[in-house]
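Asks: For reference, the sequence and a predicted model appear below.
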Amino acid sequence: MRLSHLAAMAAAAMIAAGPALADLNVPALNYRTGPYAPSGIPYADGFSDYMTLLNERDGGVGGERINVMECETAYNTQKGVECYEALKGENPLVFIPQSTGITYQLIPKASADGIPVHSMAYGRTSAVNGKVFEWVFIMPGTYWDAASMMVKYAMEQEGGSLEGKKIALVYHNSAYGKEPIRTLEELSKKHGYELTQLAVDHPGQEQKSQWLQIRRERPDYVFMWGWGVMNSVAIQEAANIRFPMDKFIGVWWSGSEADVLPAGAGADGYKSITWHAPGADFPAYGEIESLVHEKGTAAGDGTHVGEVGYNRGVYAAVLVTEAIKQAQEATGNANITAADMRDAYESLSISEERWNELGLPGFAQPFQVTCSDHGAPHAGVIQQWSASDKTWSLVSDFMQPDMDVVMPLIEEDSMAYASENGIEPRSCD
């Protein structure tokens with residue numbers, strides 16, 4: 001089910017005109033339109049297709065069908081808030097904002113309303129502290145994790161030291177793009193590299209001056225915190241100045257087919273961090289093909305299956321439905337509440353064996369969420385693009401962030417938020 005972003009009309013019109021709502025209502029604040037649509041569409045397709053697979057194959061979860069309530073935001077924060085207001089009264093189990101800007105707006109609203117927010121590897125990094133942010137979850141990791149692991153990878157490539165090296169950060173000039181700056185600054189003090197910050201204004205189509213500066217200053221590495229068209233423009237600009245692509249590393253939202261294909265051969269060797277495997281070589285994808293696409297119930301045209309964005313949507317859907325399953329088991333009720341969902345998220349566990357049972361062997365890392373840590377497993381791996389094969393390949397082992405740097409930053413920021421908002425951090429003993 002899809003919703004208009006017009007909050008004043010959406011709730012009443014949708015419920016009156018659409019099919020009866022299922023018990024398991026899962027809003028999806030997607031963006032299939034606007035400048036970020038090339039990145040948003042594959043994710044939205046993967047998320048919905050996995051939910052449709054469970055409905056077709058299993059009758060949903062625990063005998064209750066899943067209703068994906070898709071609301072179009074065009075990656076616009078105000079529209080995202082309108083979607084939330086339109087849907088919060090329809091017994092949603094969890095909100096997935098799909099935008100750092102929207103997440104920042106929804107954290108106080110959803111927390112007050114008692115609805116969990118799953119900002120999957122985006123949003124406010126310090127919300128990973130479950131002692132303060134009881135209703136917010138960031139699995140499988142945070143932007144500060146990503147920044148730390150990208151530095152760790154670069155350091156490994158340089159024989160264990162970045163002393164005297166230069167790293168340029170090309171970032172989307174928004175709350176999202178600014179997230180890693182504090183961490184990269186702290187890590188520069190620890191490892192002795194020079195950090196240059198280059199902001200790119202929305203939507204990111206004009207970057208000539210930034211890349212002229214990179215050509216002039218010749219950093220050893222370029223990190224990118226981009227999204228949508230900004231990514232493909234940056235990769236093309238890097239190719240134009242002959243920046244070595246194996247030294248150009250994007251965050252996980254800067255490493256999809258939509259980002260590299262426009263640059264053609266020029267994108268060869270580009271890297272990004274990720275948290276799941278690329279491709280469609282998984283048993284569950286065969287079932288999606290036979291039970292969803294071949295039956296004409298797919299969310300999209302089928303051209304994005306196995307792409308990074310599509311796989312990310314599948315990953316998000318797995319976490320949602322596994323939390324539903326575990327909430328049902330914990331309560332003994334198939335028709336769970338948002339509070340039940342929150343409790344399940346806080347103890348959510350997916351083992352390697354469970355990934356195998358889901359038809360996704362080797363797809364992602366096992367993890368265990370806890371009361372104090374809402375961002376497990378905090379693991380990332382580097383992938384690299386082959387322009388000739390048009391494929392991503394994993395080129396590193398899974399890494400962990402430098403928690404000696406990251407955790408004090410999380411503690412400082414989350415405690416400041418608690419103080420500003422009159423929140424008494426709970427005990428997780």
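Replies: Noted; the coordinates are in hand.
Asks: By residue count, tell me the biggest helix in the chain.
Replies: Secondary structure of the chain per DSSP state H: the longest helix is helix 308-331.
Asks: Tell me the buried residues in that helix?
Replies: Neighbour counts over helix 308-331 (16 or more other CB atoms under 10 Å) mark 308-328 as buried. All C-beta spots, glycine's among them, are computed from the backbone N, C-alpha and C.
Asks: now swap in stretch 294-308 and tell me
Replies: By 16+ other CB under 10 Å, the buried positions in stretch 294-308 come out as 298-300, 304-308.
Asks: now, among these, which is nearest to Asp281?
Replies: Nearest to Asp281 out of those is Gly306 (CB to CB; 7.9 Å).
Asks: ok so the closest one is a helix residue?
Replies: No: the assignment for Gly306 (DSSP: H, G, I helix; E, B strand; the rest coil) gives coil, which keeps it out of a helix.
Asks: and the residue nearest to it when sequence neighbours are not counted, which of the three is it?
Replies: Leaving aside its chain neighbours, Gly306 sits nearest to Ala280 (3.0 Å; criterion: CB to CB, 6 or more residues apart in numbering). State at Ala280, reduced to three classes by three-state DSSP: coil.
Asks: Apart from its neighbours in sequence, what residue is nearest Ala364?
Replies: Using CB to CB, 6+ apart and skipping residues adjacent in sequence, the residue nearest Ala364 is His276, 4.4 Å away.
Asks: Could you count how many residues lie near that neighbour?
Replies: Residues within reach of His276, counting by other CB atoms under 10 Å, total 20.
Asks: tell me the phi and psi of Phe367?
Replies: Backbone torsions for Phe367, taken as degrees, to the nearest 10, come to phi -160, psi 160.
Asks: Can you tell me the closest non-neighbouring residue to it?
Replies: What sits nearest to Phe367 in space, not counting adjacent residues and going by CB to CB, 6+ apart, is Pro377, at 3.6 Å.
Asks: List the residues that contact that neighbour.
Replies: If a contact means CB atoms under 8 Å, 6 or more residues apart in numbering, then Pro377 has 139-141, 365-368 as its contacts.
Asks: Same question for Ala317.
Replies: 46-48, 50-51.
Asks: Check what pLDDT the closest residue in space to it that isn't next to it in sequence gets.
Replies: Leaving aside its chain neighbours, Ala317 sits nearest to Tyr50 (3.8 Å; criterion: CB to CB, 6+ apart). With respect to pLDDT, Tyr50 has a value of 98.
Asks: wait, Tyr50 sits on Asn311?
Replies: No: counting by CB atoms under 8 Å, Tyr50 sits too far from Asn311 to count as a contact (10.1 Å).
Asks: sorry, back to before: SS state for the residue nearest to Ala317?
Replies: helix.
Asks: ok, it - how many residues close by?
Replies: By other CB under 10 Å, the residues close to Tyr50 number 29.
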